[in-house]
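# Any chance you can model this:
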Amino acid sequence: MNSADSSSRCTRSSDATPSRSSLFPPVAAERSRCIRLAGRSASMVHFRVGVSLRPAGRDAVAWKRASAMRTSLLLLVAAGVLPSPAAGQETGGARGAEHPPAAWPPAIAPLTAPLPPLAADTLSVETAQAVVAGTCMRCHNPRRVSGGMSLETFEVTSASDNAVIAERMVRKLRAGMMPPVGVRRPTPDSLRTLAAVLESRLDAAWETNPNPGRRTFQRLNRAEYSRSIYDLLDLDIDAGDYLPLDTKSANFDNIADVQLLSPTLMDGYLRAASEISRLAVGDPEVTPSEATFRVSRWTSQAEHVEGTPYGSRGGVAVDHNFPADGEYVFRVSFHHETTGALFGNGKGALHTTDEPERIEISIDGERVALLDIDRWMHVSDPDGVNLRTEPVFIEAGPRRVAAAFIRTFEGPSQDVMSPHDWSIASTSITDAYGFTTLPHLRDLAVTGPFAPAGMSSTPSRERVFSCRPSTPEDEASCAEAILSRLGTRAYRRPLTDDNLAALMNLYRAGAGAGGFE
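Below is the predicted model of the structure:
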C-alpha cells in the first residue's frame with residue numbers, strides 16, 4: 001500500500017433537526033461506517049451548558065432580584081455560544097415527538113458497482129487472506145516495509161483491530177492502485193473478494209460499537225452569536241459590547257482550531273447572557289445608565305445622513321433599546337476649536353446671519369426636542385459645548401434615535417473658499433478669513449430611565465411570552481410551554497426531559513424572588 005494516502009474510507013450521513021436560524025446551518029451529527037483509531041476521526045463534541053455560576057458585584061444584586069423567566073433565559077442565551085449536538089445524543093426521553101429524528105439517508109455511492117453477495121463467507125475469508133499473504137506481503141513485509149506499512153500480523157478476520165490499515169487497503173483496491181503496475185496481480189475476483197471481506201468486517205464492527213470519535217470543540221464567533229440572539233429573542237445586540245475580538249486564522253474568524261473557550265471568554269459569555277436576558281424581558285426596576293454614540297470625523301455634517309429626518313444635515317441616527325418605560329434625557333456634544341470655542345461658529349465667514357443653528361432630536365422620526373445652538377458657547381462654560389434636553393417620556397423597546405441639524409445653509413457661497421463639507425480636516429482652520437464652517441456633532445448620549453413606569457410591549461417580549469397565565473396555578477404550565485419553544489430554538493433540536501427539567505428548576509428559583517416574569 002502507498003503511505004501517501006493516510007485518510008480512511010468512510011461513508012457518512014447526517015441526521016439533524018432543521019434549524020430555525022436563517023443564517024446558520026443545522027449542526028449535524030456525523031457517523032461513519034468504519035472504525036477509526038482514537039483521535040483520527042471527526043464528530044460533533046457533545047457539550048452541555050449548565051449555568052451554576054452567579055455574578056459578583058453589581059450583577060449579583062440583579063441576580064437576586066431576577067425574575068423567573070429572565071433567570072431561565074440566561075441559560076438559553078448562554079447555550080447560544082455553542083453549535084448544539086444533534087437530536088438524540090443526550091440521555092433522557094426526547095421531547096417534541098412531532099419532530100422525530102430522521103432516518104439515516106443513503107450512504108455515499110461507492111467508486112464501483114456494488115459487489116454481488118458472496119456464496120460462502122468462509123471461502124471468501126480464505127481467499128482474501130491468501131491474497132494478503134501471497135501478493136501484498138511481497139512488498140509490505142518487515143524487511144521492505146513499502147509505504148511504511150507491514151502486513152505481517154494483519155489478519156482479515158480481525159480487520160477492525162487495524163481499522164486504519166484496512167481502510168487504506170480498501171481505498172487502494174477499489175481505485176485499482178494495488179497491486180501496483182509491474183507486479184503480478186491476482187484475478188480480479190480475488191481482489192474484489194478481499195475488498196468486500198474487509199468492508200464487511202469493518203461495517204460489522206461499526207454496527208456493534210459505533211464510535212465516530214471526536215472533533216475540535218467549536219463555539220460561535222461574535223457575528224454568529226449576535227445573529228443567534230436576534231433569531232432567538234428578536235433583539236439586536238452588538239456582541240463587541242460583551243465579548244473580546246475573535247481569534248483569526250488565515251483571516252477567518254470561524255476556524256475551530258483557534259476559537260478556544262478560555263475562562264475569561266466564558267465569563268464574558270455568561271455576563272452577556274445575563275444582560276441580554278434582562279434586555280429581552282425588561283426590568284421595571286432598572287437604574288439609570290448612559291449610552292454614548294460617537295460620530296466619526298469622516299461623516300459629512302453638511303449633507304443629509306441616512307436615518308435622520310429629511311430637511312436636515314449631518315448628525316447621527318442610531319438604534320437604541322430603551323430598557324423600560326420612563327423619562328430619558330438626551331445630550332449632544334459638539335466639536336470645538338483649539339481655543340475652546342465652538343467649531344463652526346461663523347465668525348470667520350464673510351456672510352452670516354444672526355439666526356442660530358438648531359439641532360433636532362427625534363424618536364422614530366417624531367421630533368421630541370429642538371435645541372438652539374449658541375455660537376458663542378465655550379468649553380469653559382458650565383456645560384461646555386454640550387446641550388441637553390428636558391426629560392422625555394419614552395416607552396420601552398428598540399427605537400430609532402436621531403440628532404440632526406436643521407438645514408439653513410444652501411445655495412452658492414460667496415466666501416473666499418467653498419465650505420468644507422466632507423469632514424473635519426482640522427479644528428484650527430476655523431480662524432481662517434473667508435472660510436465658512438458649520439457646527440459638527442461629536443456624540444449623542446442617551447441617559448435613563450428616570451422614574452421607570454413599567455414595561456410596554458416590545459418585539460422581544462412578544463417573542464418570549466407566547467402565553468400569559470390567568471391564575472397562579474397556570475404559571476408553571478405556561479412557563480413550560482414558553483421554555484420548551486425557546487429551548488428548541490436555542491439548542492436547535494427538540495429538548496430532552498433533562499433539558500426542560502434544568503430550565504424549569506431555574507424558573508422556579510426565580511419565581512420565588514421576582515414573580516412569573
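
# And the host helix or strand of residue 163, what's buried?
Per DSSP states H and E, residue 163 falls inside helix 163-175. Under the neighbour-count criterion of 16 or more other CB atoms under 10 Å, helix 163-175 has 163-174 buried. Bear in mind the C-beta positions are built from the backbone N, C-alpha and C, glycine included.

# Stretch 369-389 too?
Result for stretch 369-389 [16+ other CB under 10 Å]: buried residues 369, 371, 373, 375, 377, 385-387, 389.

# Next, the closest residue to residue 235 other than its chain neighbours: secondary structure please.
Nearest residue to residue 235 in three dimensions, chain neighbours excluded: residue 460, at 4.5 Å (CB to CB, 6 or more residues apart in numbering). Put simply, residue 460 is helix when judged by DSSP: H, G, I helix; E, B strand; the rest coil.

# ok now the helix or strand hosting residue 274, how far from the chain's centre?
Counting by DSSP H and E, the element that carries residue 274 is helix 263-281. From the chain centre to the centre of helix 263-281 is a distance of 13 Å (CA atoms, centre = their mean, to the nearest Å).

# same check, this time on stretch 259-279
In terms of CA atoms, centre = their mean, the centre of stretch 259-279 is set 12 Å apart from its chain centre.

# pLDDT on it, on average?
The average pLDDT for stretch 259-279 rounds to 89.

# out of the buried residues of stretch 369-389, which are inside helices?
Among the buried residues of stretch 369-389, DSSP state H puts none in helices.

# Check the gap between residue 395 and residue 327 for me.
11 Å (CB to CB, to the nearest Å).

# and the next element down the chain from the one helix or strand residue 203 maps to?
Element membership for residue 203 (DSSP H and E) is helix 188-208. Where DSSP H and E defines the elements, the next helix or strand beyond helix 188-208 is helix 222-233.

# got the buried residues for that following helix?
In helix 222-233, residues buried by neighbour count (16+ other CB under 10 Å) are 222, 224-233.

# Over to stretch 482-500?
Those would be 482-496, 499-500, for stretch 482-500 by 16+ other CB under 10 Å.

# May I have the distance across that stretch, first residue to last?
Taking CA to CA, to the nearest Å, stretch 482-500 runs 11 Å from one end to the other.

# where does the stretch 1-150 of the chain dip in pLDDT?
For the stretch 1-150 of the chain, the stretches flagged by pLDDT under 70 are 1-69, 79-123.

# so where is the stretch 401-517 of the chain shaky, pLDDT-wise?
409-436.

# Show me where this protein has its helices.
Ranges of helices in the chain, per DSSP H, are 58-64, 68-79, 121-134, 163-175, 188-208, 222-233, 263-281, 459-464, 475-491, 497-514.

# other SSEs contacting the shortest one?
Helix 459-464 sits against helix 222-233, helix 263-281, with contacts defined as 3 or more CB pairs under 8 Å, 6 or more residues apart in numbering; DSSP states H and E.

# For that helix, give me every contacting residue.
Where contact means CB atoms under 8 Å, 6 or more residues apart in numbering, the residues beyond helix 459-464 that reach it are 69, 73, 232-235, 279-282, 397-398, 455, 482, 486.

# chain center to it: distance?
Remark: helix 459-464 is offset 20 Å from the chain centroid, using CA atoms, centre = their mean.

# Then the second one?
A distance of 16 Å separates the C-alpha centroid of helix 68-79 from that of its chain, computed with CA atoms, centre = their mean.

# swap in the fifth one?
Using CA atoms, centre = their mean, the distance from the centre of helix 188-208 to the centre of the chain it belongs to is 43 Å.

# Next, the angle from that helix to helix 163-175.
140 degrees (axes from the mean of the first three to the mean of the last three CA atoms, to 10 degrees).

# Quick check: buried residues in helix 188-208?
Buried residues in helix 188-208, counted by 16+ other CB under 10 Å: 190-202, 205-206.

# Report the mean confidence score over it.
91.

# CA atoms of it as PDB?
In PDB, the C-alpha atoms belonging to helix 188-208 read as follows (Å, rounded to 0.1, in the frame of the first residue of the first chain):
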ATOM      1  CA  PRO A 188     -10.000  -9.500 -10.400                       C
ATOM      2  CA  ASP A 189     -12.500 -11.700  -8.500                       C
ATOM      3  CA  SER A 190      -9.800 -12.300  -5.800                       C
ATOM      4  CA  LEU A 191      -9.200  -8.600  -5.400                       C
ATOM      5  CA  ARG A 192     -12.900  -7.800  -5.200                       C
ATOM      6  CA  THR A 193     -13.300 -10.500  -2.700                       C
ATOM      7  CA  LEU A 194     -10.600  -9.100  -0.500                       C
ATOM      8  CA  ALA A 195     -12.200  -5.600  -0.600                       C
ATOM      9  CA  ALA A 196     -15.600  -7.000   0.100                       C
ATOM     10  CA  VAL A 197     -14.400  -9.000   3.100                       C
ATOM     11  CA  LEU A 198     -12.600  -6.100   4.600                       C
ATOM     12  CA  GLU A 199     -15.600  -3.800   4.200                       C
ATOM     13  CA  SER A 200     -18.000  -6.400   5.700                       C
ATOM     14  CA  ARG A 201     -15.700  -6.800   8.800                       C
ATOM     15  CA  LEU A 202     -15.400  -3.000   9.300                       C
ATOM     16  CA  ASP A 203     -19.200  -2.500   8.800                       C
ATOM     17  CA  ALA A 204     -20.000  -5.300  11.300                       C
ATOM     18  CA  ALA A 205     -17.700  -3.800  13.900                       C
ATOM     19  CA  TRP A 206     -19.200  -0.400  13.400                       C
ATOM     20  CA  GLU A 207     -22.700  -1.700  13.900                       C
ATOM     21  CA  THR A 208     -21.600  -3.400  17.100                       C
END
